[in-house]
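In: build the 3D model from these lines:
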Amino acid sequence: MVRPTKIAFSAVTALATIAFLTAGSAEAGVTPARVVTNVTDGGTAYADVVTGEALVQLVGDPLTTAAKTKPVKGKKIDFSNATVKSERARLSALRNDFKSWLRANAPKAKVTSEYDISLNAVAVQLNGESLAKIATAPLVRSAQPQYMYHQTAADPDLAVINAVQAWQQVGGSAHAGEGVKVAVVDSGIDVKHPCFSDAGYPAQTQLGDKRYTNNKVIVAKVFANKAAVNGFTAYPGPDQEHGTHVSGTIACNFETPANIAGVALPYKMSGVAPRALLGNYNVFPGDIDNARSEDILNALDAAYADGFDVANMSLGGNAHGVQDLLTIAVDNLDEANMVVAVSAGNDGPGHYTVGSPGSAERALTAGASTVPHFMGAPVTVGGSSYGAALGDFGALTENITGDLAAVSGSGAAGLSTACTAIPADLTGKVALVARGTCSFSEKILAAQNAGAKAVLVVNNVGGDPIAMGKGGIPTEPTVPALQLSLADGAAVAAHSGQSITIGSTLQYFTTQNVDIMAGFSSQGPTDVDFRVKPDVVAPGVNVLSSIPNFLCSTPPCFAFLQGTSMASPHLAGTAAVVRQLHPDWTAEQVRSAIVNTADQGVLRNATATGLEQDLLITGTGRENVVSALNAVAAIGPVSTSFGAVPAGSGQAGSKTVTITNLSGSAQTFTLAVTPVGGTGVAFSVSASSVTLAAGASTTVRVAFDADKGAGAGDHTALLNISSGGSVVAHSVLYAFIK
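Out: Predicted coordinates:
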């Protein structure tokens with residue numbers, strides 16, 4: 001299993017308030033934290049009156065509802081139509097009559113905007129005139145003050161990938177994912193969690209152990225045929241947080257209220273495909289952390305036989321070359337029309353770190369990027385306050401105050417990573433150490449053994465702090481420990497020796513630290529066969545989702561987890577929505593719609609100092625659900641690798657790429673190649689344009705030509721497909737000079 005770090009707060013006792021926190025510092029490209037204030041529990045934001053401004057609705061229907069001009073269902077208004085033009089002129093004349101009335105009866109008032117599509121109305125700046133008087137004008141149907149609408153708090157990771165906007169194309173939140181079945185090959189799903197309530201769902205055929213199914217989670221099966229040998233009875237119910245968290249990201253019911261340790265989050269949670277049906281295929285029953293290939297294959301076959309459209313596997317292990325049977329199985333299932341989303345792995349940074357089965361050619365493989373929020377506590381020192389993320393270490397039952405002891409070393413912010421014994425006496429102090437080299441448990445225990453009463457760990461990559469998970473060492477530390485961002489940690493370190501206070505008031509923080517590549521996200525190419533992986537990136541840092549109800553004191557339970565395990569279910573949920581809107585698309589076309597329409601130029605490097613240019617880290621970019629739904633061209637395969645090329649060989653080669661017109665009308669696509677990384681290797685495409693009827697496909701050749709002096713290492717380019725002057729799909733081309 002690809003293990004995440006987590007924040008479940010099952011042992012945290014804290015006052016539940018949301019208050020202001022002053023940011024202390026900012027590194028280049030990283031925005032310090034602030035606390036969300038003045039928000040509701042995910043409900044409608046109440047509007048404030050704008051003094052002296054009004055909206056005045058006039059008699060007469062607007063174009064959208066007038067009998068002569070309202071469009072036929074499924075169409076839009078044709079503004080070139082003579083009848084529409086005539087009606088617009090008539091409404092304009094009515095507004096002019098109203099403006100004449102204003103000049104005569106309320107001369108200070110000024111019309112600032114006019115409307116005739118959604119409303120037949122005007123906006124008016126009153127300038128001291130009476131709104132009540134204006135409401136009595138002969139042409140006025142109604143008049144009211146203007147209001148200021150604040151942004152209603154939204155599920156941050158859904159906002160990043162444009163999921164909510166995409167839902168409008170499938171009937172809104174009440175229907176997103178409807179009719180699509182997603183198999184979760186993981187550690188079980190807590191069917192009692194409100195994220196998976198079946199209230200309002202039609203009756204479904206339920207399979208497996210019906211103690212763990214309902215009309216939302218329609219399958220519960222377990223796969224661990226060595227359970228008896230290992231001394232336990234396998235059952236499909238959840239004993240770990242992982243599978244329930246993954247499932248919530250995929251399909252948590254729309255706007256499920258969420259709170260952590262009594263703090264109600266300022267938004268209600270939803271999965272990417274909130275109306276999708278789920279299947280629980282548990283390959284990690286009990287508290288086991290490992291699943292065998294046999295059990296995973298059984299789970300995949302069962303999911304396919306049970307009629308599932310998409311499978312998610314937030315799991316991984318070492319890659320096993322070109323004859324890795326699990327990756328072959330994934331490829332075959334995709335070819336047989338089941339999309340399989342897989343996590344790339346948490347073994348970054350560093351190339352060749354993508355695990356199996358994420359290394360499968362036809363897997364929809366996810367890298368991880370940041371979501372700009374976290375749960376934590378305020379840390380105050382030197383007159384400034386900072387947000388620190390709380391994880392699995394110790395309970396904050398009261399404020400902690402002591403002298404700050406920055407343990408110097410060669411780690412982040414000039415601090416020690418505390419992976420060996422700390423010689424200094426830290427008795428009664430708050431230790432400040434750096435993330436890296438060893439587990440969180442080891443470094444926190446080292447500080448505790450030196451006498452520290454609490455520990456602050458400084459992140460070693462850009463972006464927000466994360467919730468730290470325990471490392472499974474024989475003796476876990478007991479002192480409270482939290483994590484600071486790299487920027488804030490450097491600022492705090494400057495106050496070593498001064499009094500510092502860690503507050504016990506748990507708070508929800510939002511930041512601007514979005515779309516930063518996770519340092520742990522595994523990077524391509526794949527070992528041995530040099531495939532481009534990950535395919536695409538999705539949110540995987542500080543992802544909030546459901547966890548089983550036994551894991552906190554006041555259910556329902558939620559947690560912030562990190563890992564490519566958290567990114568993959570975003571892709572699975574997206575695949576469900578795409579399959580819903582386009583049931584005739586093949587699994588390969590669904591993958592292409594997600595991968596080849598991803599947003600480029602938005603992902604920052606792990607230090608948040610600039611854009612990440614390495615396509616072996618980002619794949620095609622960060623997924624965009626709206627773009628996937630509106631894909632007009634599919635590329636197969638989704639990326640093209642020419643493998644390893646001997647240095648000095650001057651070798652050349654080409655491969656076939658299939659381009660399919662996914663739209664409902666004929667398209668002429670322009671094809672071009674843009675170099676990205678490396679020198680001495682030229683990539684090209686055999687055609688500059690192709691014209692395809694609706695649904696038609698054609699093939700082109702993409703080629704590479706390596707100079708004898710081509711530099712060793714990675715060489716990348718993008719195959720861009722354009723329509724109407726805009727790029728509508730892009731694919732990574734890759735060759736390695738060895």
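
In: residue 710 reaches residue 682, doesn't it?
Out: No. Between residue 710 and residue 682 there is no contact under C-beta atoms under 8 Å: 9.3 Å. Where you see a C-beta, it was placed from the backbone N, CA and C, and this is true even at glycine.

In: just checking, residue 463 touches residue 371?
Out: No. Here residue 463 does not reach residue 371: they are 9.7 Å apart, not a contact under C-beta under 8 Å.

In: tell me, what's touching those two both at once?
Out: Between them, residue 463 and residue 371 share these contacting residues under C-beta atoms under 8 Å, 6 or more residues apart in numbering: residue 541.

In: contact partners for the closest residue to residue 243 other than its chain neighbours?
Out: The shortest distance from residue 243 to any non-neighbouring residue, by C-beta to C-beta, 6 or more residues apart in numbering, is to residue 186 (3.4 Å). Contacts for residue 186 were tallied using C-beta under 8 Å, 6+ apart; they are 1, 242-243, 246-247, 280-284, 312-315.

In: any chance of the residues you listed in a markdown table, plus secondary structure?
Out: Output for the contacts of residue 186, formatted as a markdown table (DSSP: H, G, I helix; E, B strand; the rest coil):
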| residue | secondary structure |
| --- | --- |
| 1 | coil |
| 242 | helix |
| 243 | helix |
| 246 | helix |
| 247 | helix |
| 280 | strand |
| 281 | strand |
| 282 | strand |
| 283 | coil |
| 284 | coil |
| 312 | strand |
| 313 | strand |
| 314 | coil |
| 315 | coil |
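
In: quick one: buried ones out of the residues you listed?
Out: Buried by 16 or more other C-beta atoms under 10 Å: 1, 242-243, 246-247, 280-284, 312-315, out of the contacts of residue 186.

In: how is the protein partitioned into domains?
Out: Following automatic domain parsing, one finds the domains of the chain at 5-38+374-510, 48-148, 156-371+515-618, 632-737.

In: could you give me the average pLDDT of the second one?
Out: Meaning domain 48-148. Computed over domain 48-148, the mean pLDDT rounds to 85.

In: okay, strands next: where are they in the stretch 551-700 of the chain?
Out: Counting by DSSP state E, counting those that start in this stretch, the stretch 551-700 of the chain has strands at residues 557-562, 633-636, 639-645, 652-661, 667-677, 681-685, 689-692, 697-706.

In: now do the stretch 351-500 of the chain
Out: 364-370, 373-381, 384-390, 400-406, 430-434, 454-458, 481-484, 499-502.

In: what angle do the fifth one and strand 373-381 make?
Out: Meaning strand 430-434. 130 degrees (axes from the mean of the first three to the mean of the last three C-alpha atoms, to 10 degrees).

In: hmm, who's touching strand 430-434?
Out: 400, 402-407, 409, 411-413, 415-418, 422, 443, 446-447, 450, 452-458, 460, 489, 492-493, 496, 500, 502.

In: okay, now residue 455: neighbour count?
Out: 32 (other C-beta atoms under 10 Å).

In: give me the neighbour count for the spatially closest residue to it that is not a sequence neighbour.
Out: Distances taken as C-beta to C-beta, 6+ apart place residue 481 nearest to residue 455, at 4.1 Å, with adjacent residues excluded. Other residues lying near residue 481 total 29 when counted by other C-beta under 10 Å.

In: cool, the one 10 residues further on as well?
Out: Using other C-beta under 10 Å, residue 491 is surrounded by 22 other residues.

In: does it touch residue 384 like I think?
Out: Yes. Here residue 491 reaches residue 384: they are 7.2 Å apart, a contact under C-beta under 8 Å.

In: and the closest residue to residue 221 other than its chain neighbours, what are its bridge partners?
Out: Excluding the flanking residues, the one nearest residue 221 by C-beta to C-beta, 6+ apart is residue 208, at 4.1 Å. Taking DSSP bridges as the rule, residue 208 bridges to residue 220.

In: surely residue 208 meets residue 217?
Out: No. If you go by C-beta under 8 Å, residue 208 and residue 217 don't touch, sitting 9.8 Å apart.

In: can you list residues touching both of those two?
Out: In contact with both residue 208 and residue 217: residue 280, using C-beta under 8 Å, 6+ apart.

In: circling back to that earlier point, out of the domains of the chain, which is the most enclosed?
Out: domain 156-371+515-618 (a mean of 23; mean count of other C-beta atoms under 10 Å).

In: include mean pLDDT and distance to residue 592 when you put the strands of the stretch 551-700 of the chain into a markdown table, please.
Out: As requested, these are exported to a markdown table (pLDDT from 0 to 100; distance: least, C-beta to C-beta, whole Å):
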| stretch | mean pLDDT | distance to residue 592 |
| --- | --- | --- |
| strand 557-562 | 92 | 28 |
| strand 633-636 | 98 | 4 |
| strand 639-645 | 95 | 10 |
| strand 652-661 | 97 | 8 |
| strand 667-677 | 97 | 14 |
| strand 681-685 | 97 | 16 |
| strand 689-692 | 98 | 15 |
| strand 697-706 | 97 | 12 |
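
In: turn the ones you listed into CSV, including distance to residue 573.
Out: Below are these laid out as CSV (distance: least, C-beta to C-beta, whole Å):
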stretch, distance to residue 573
strand 557-562, 16
strand 633-636, 20
strand 639-645, 22
strand 652-661, 24
strand 667-677, 28
strand 681-685, 33
strand 689-692, 30
strand 697-706, 27
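
In: quick one: the residue nearest the centre of the chain from residue 174, how far?
Out: Against the mean C-alpha coordinate of the chain, by C-alpha atoms, centre = their mean, the closest residue is residue 539 at 2.8 Å. Residue 539 sits 23 Å away from residue 174, taking C-beta to C-beta, to the nearest Å as the criterion.

In: farthest residue from the center of this structure?
Out: residue 104 (56.3 Å).

In: phi first, then psi, for it.
Out: Here is the backbone geometry of residue 104 (degrees, to the nearest 10): phi -90, psi -30.

In: helices along the stretch 251-400 of the chain, start to end?
Out: 293-305, 325-335 (DSSP state H, counting those that start in this stretch).

In: can you spell out which helices and strands pack onto the longest one?
Out: Going back to what we said before, that points to helix 293-305. Judged by 3 or more C-beta pairs under 8 Å, 6 or more residues apart in numbering; DSSP states H and E, helix 293-305 is in contact with strand 181-186, strand 217-222, strand 277-282, strand 310-313, helix 325-335.

In: I'd like to know which of the ones you listed lies nearest to residue 142.
Out: Closest of the helices and strands packed on helix 293-305 to residue 142 is strand 277-282, at 44.6 Å (criterion: C-beta to C-beta).

In: run the angle between that closest one and helix 293-305 for me.
Out: 160 degrees.

In: for strand 277-282, which strands pair with it and how are they oriented?
Out: Partners of strand 277-282 in the sheet, by DSSP bridges, are strand 181-186 (parallel), strand 217-222 (parallel).

In: how about the CA coordinates for that strand, as PDB?
Out: What follows is strand 277-282, C-alpha atoms only, in PDB (Å, rounded to 0.1, in the frame of the first residue of the first chain):
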ATOM      1  CA  LEU A 277     -21.800   3.900  -6.900                       C
ATOM      2  CA  LEU A 278     -18.900   2.300  -5.100                       C
ATOM      3  CA  GLY A 279     -17.600  -1.300  -4.800                       C
ATOM      4  CA  ASN A 280     -15.500  -2.300  -1.800                       C
ATOM      5  CA  TYR A 281     -12.800  -4.700  -2.900                       C
ATOM      6  CA  ASN A 282     -10.700  -5.100   0.300                       C
END
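
In: could I get the average pLDDT for that strand?
Out: On average, strand 277-282 scores 98.

In: likewise for stretch 494-506?
Out: 96.

In: how long is that stretch end to end?
Out: 25 Å (C-alpha to C-alpha, to the nearest Å).

In: and if you look at stretch 267-284?
Out: End-to-end for stretch 267-284, by C-alpha to C-alpha: 31 Å.

In: likewise for stretch 308-319?
Out: For stretch 308-319, the end-to-end distance is 26 Å (C-alpha to C-alpha).

In: how about a markdown table for the strands paired with strand 277-282, with distance to residue 165 and mean pLDDT added?
Out: Shown next, in a markdown table, are these (distance: least, C-beta to C-beta, whole Å; pLDDT from 0 to 100):
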| stretch | distance to residue 165 | mean pLDDT |
| --- | --- | --- |
| strand 181-186 | 21 | 97 |
| strand 217-222 | 27 | 98 |
